[in-house]
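S.K.: sequence? don't have it. structure:
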């Protein structure tokens, strides 16, 4: 079972999300343009700020608030190239909801090419940027909102995020919005104080670009894309509400801060036989109650949670987590299998046409080019992955939430 990090989106006062005066002319122009555009809704069921294409800043906040209020969660999918990226957006168009396209450090390197020079994370940075630009170029053609996100970044990997942040700053100067919607920092191996201290430093940088920060408390077990926690002490798989509130207080001190917290509740990357993972989504409910008490308000769900990694999750666990305010569930292992299963099925169906360039059951001199054209098997993978994501969206109540 590949299960989650509960991600908590802390709802700060509206003023905390307003662009500061230091953002300058670009932000002023952007705000003027957005004010005019906001009068026209692109999606009947979503806030006016949410448009087809990449959503950032206030539009992202509005989208997450809509998900929490209406009780659906957005699929967050790890990708490794344009084929898996396109499968995500194809699926979103089919199920009628938003999608989160998630880049990992290894995924970025793969996009750039495994033979490319990755000194100082050059290929990982370039690949993520190239993938993000691809999404920005074609997302509107699919007619859905897309969140551009990056996955686990350990302390040793911070130069990777620094490179992406530098690209985001340049993009912001040119377009008035960041390249990515959000980045995740996974400093859970450090002390709580160091973890949140570093996150606060980055939150200050992100806030100036209207970006959301996701951070991790506790540890997600298992292994995924270079992050190996298979031997971690089981006690670290469960985050305490007090730790979450400490992080909330610290990061809330940053003007214009938007952040989510990946709080572990027994999560393990990968797919395991039933009974091998002791998942405790009740931690999400307990944390909501604790934060409500500490804040002294009458809001039952002050924060937005996320399953950070949800492959193999039971529908019952998913529904129960959504009741606690889950607004995004990450998926990787299940979509990896779905993509491969599509390719496997294509080969099995057309096996006799894939044994040589010439010669098949239709004749010894018949060409097979249309069968071994790489686009054929890649498309089969895309279709299978998209179908799996439609099923995930159904489990997440994310079907027909646009119109």
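M.R.: Now that the structure is in, tell me what you want to look at. The structure presented is a predicted model; accordingly, all values stated were derived computationally and were not measured.
S.K.: quick one, strands of the stretch 301-403 of the chain?
M.R.: Along the stretch 301-403 of the chain, the segments classed as strands by DSSP state E, counting those that start in this stretch run 303-307, 326-331, 358-360, 363-367.
S.K.: likewise the stretch 151-300 of the chain?
M.R.: Ranges of strands within the stretch 151-300 of the chain are 182-185, 212-217, 222-224, 227-229, 259-264, based on DSSP E, counting those that start in this stretch.
S.K.: how about those, which one is nearest residue 351?
M.R.: Taking Cβ to Cβ as the measure, these were each checked against residue 351, and strand 222-224 came out nearest at 32.1 Å. C-betas here are computed from N, CA, C, even on glycine.
S.K.: wait, doesn't residue 244 sit right on residue 261?
M.R.: Yes: judged on Cβ atoms under 8 Å, residue 244 makes contact with residue 261 at a distance of 5.7 Å.
S.K.: Would you mind telling me which of these two has more residues around it?
M.R.: For residue 244 and residue 261, the more surrounded residue by other Cβ atoms under 10 Å is residue 261, and the numbers stand at 31 against 24.
S.K.: picking up where we left off before, for the strands of the stretch 151-300 of the chain, which one ends up most surrounded?
M.R.: Among the strands of the stretch 151-300 of the chain, ranked by average contacts under mean count of other Cβ atoms under 10 Å, first place goes to strand 259-264 (a mean of 28).
S.K.: low-scoring stretches of the stretch 301-403 of the chain, by residue?
M.R.: Applying pLDDT under 70 to the stretch 301-403 of the chain flags the ranges 309-312.
S.K.: and if you look at the chain?
M.R.: Along the chain, the model assigns pLDDT under 70 to residues 1-39, 219-237, 269-277, 309-312.
S.K.: give me phi/psi at the residue positioned nearest the centre of it?
M.R.: Taking Cα atoms, centre = their mean as the criterion, residue 76 is the residue nearest the geometric centre of the chain, at 3.9 Å. Torsion angles at residue 76 (phi, psi; degrees, to the nearest 10) stand at phi -110, psi 110.
S.K.: who touches it in this structure?
M.R.: Contacts were defined as Cβ atoms under 8 Å, 6 or more residues apart in numbering; by that measure residue 76 touches 100, 102, 147, 149, 306, 308, 328, 329, 330, 331.
S.K.: Apply 6 Å and report the result again.
M.R.: For residue 76, the contact set (Cβ atoms under 6 Å, 6 or more residues apart in numbering) comprises 100, 102, 328, 330.
S.K.: so who does the second one touch?
M.R.: Residues counted as contacts of residue 102 (Cβ under 6 Å, 6+ apart) are 76, 78, 149, 151.
S.K.: Can you lay out those residues as a markdown table showing distance to residue 322?
M.R.: A markdown table is the format used below for these (distance: Cβ to Cβ, whole Å):
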| residue | distance to residue 322 |
| --- | --- |
| 76 | 14 |
| 78 | 21 |
| 149 | 19 |
| 151 | 21 |
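S.K.: of those, closest to residue 210?
M.R.: Once Cβ to Cβ is applied, the member of the contacts of residue 102 that ends up nearest residue 210 is residue 149, at 14.4 Å.
S.K.: elements contacting the strand or helix carrying the closest one?
M.R.: Applying DSSP states H and E as the criterion places residue 149 in strand 145-150. Packed against strand 145-150, as judged by 3 or more Cβ pairs under 6 Å, 6 or more residues apart in numbering; DSSP states H and E, are the following elements: strand 99-103, helix 122-142.
S.K.: which other residues reach stretch 339-350?
M.R.: With contacts defined as Cβ under 6 Å, 6+ apart, stretch 339-350 is touched by 371, 377, 380, 381, 383, 384, 385.
S.K.: Most neighbours out of those, which is it?
M.R.: Using other Cβ under 10 Å as the contact criterion, the top neighbour count among the contacts of stretch 339-350 goes to residue 385, which has 28 neighbours.
S.K.: from memory that residue sits against residue 337, does it?
M.R.: No: contact status for residue 385 versus residue 337: not in contact, 9.2 Å apart, counting by Cβ atoms under 6 Å.
S.K.: And the residue nearest to the centre of the chain, how far from residue 352?
M.R.: For residue 76, the distance to residue 352 (Cβ to Cβ, to the nearest Å) stands at 40 Å.
S.K.: still on that earlier bit, turn the strands of the stretch 301-403 of the chain into JSON lines, columns for distance to residue 206.
M.R.: Formatted as JSON lines, the entries for the strands of the stretch 301-403 of the chain read as follows, by distance: least, Cβ to Cβ, whole Å:
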{"stretch": "strand 303-307", "distance to residue 206": "17"}
{"stretch": "strand 326-331", "distance to residue 206": "18"}
{"stretch": "strand 358-360", "distance to residue 206": "55"}
{"stretch": "strand 363-367", "distance to residue 206": "54"}
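S.K.: I'd like to know which of the ones you listed lies nearest to residue 238.
M.R.: strand 303-307 (14.6 Å).
S.K.: how about that closest one: buried residues?
M.R.: Taking 16 or more other Cβ atoms under 10 Å as the neighbour-count basis, strand 303-307 is seen to contain the buried residues 303, 304, 305, 306, 307.
S.K.: show me what contacts the second one?
M.R.: Taking Cβ under 6 Å, 6+ apart as the criterion, residue 304 is in contact with 9, 64, 68, 325, 327.
S.K.: hey, where'd the helices end up in the stretch 301-403 of the chain?
M.R.: Defined through DSSP state H, counting those that start in this stretch, the helices belonging to the stretch 301-403 of the chain, from first to last, are 315-323, 333-349, 369-372, 374-395.
S.K.: Before I go, just wanted to say thanks for your time.
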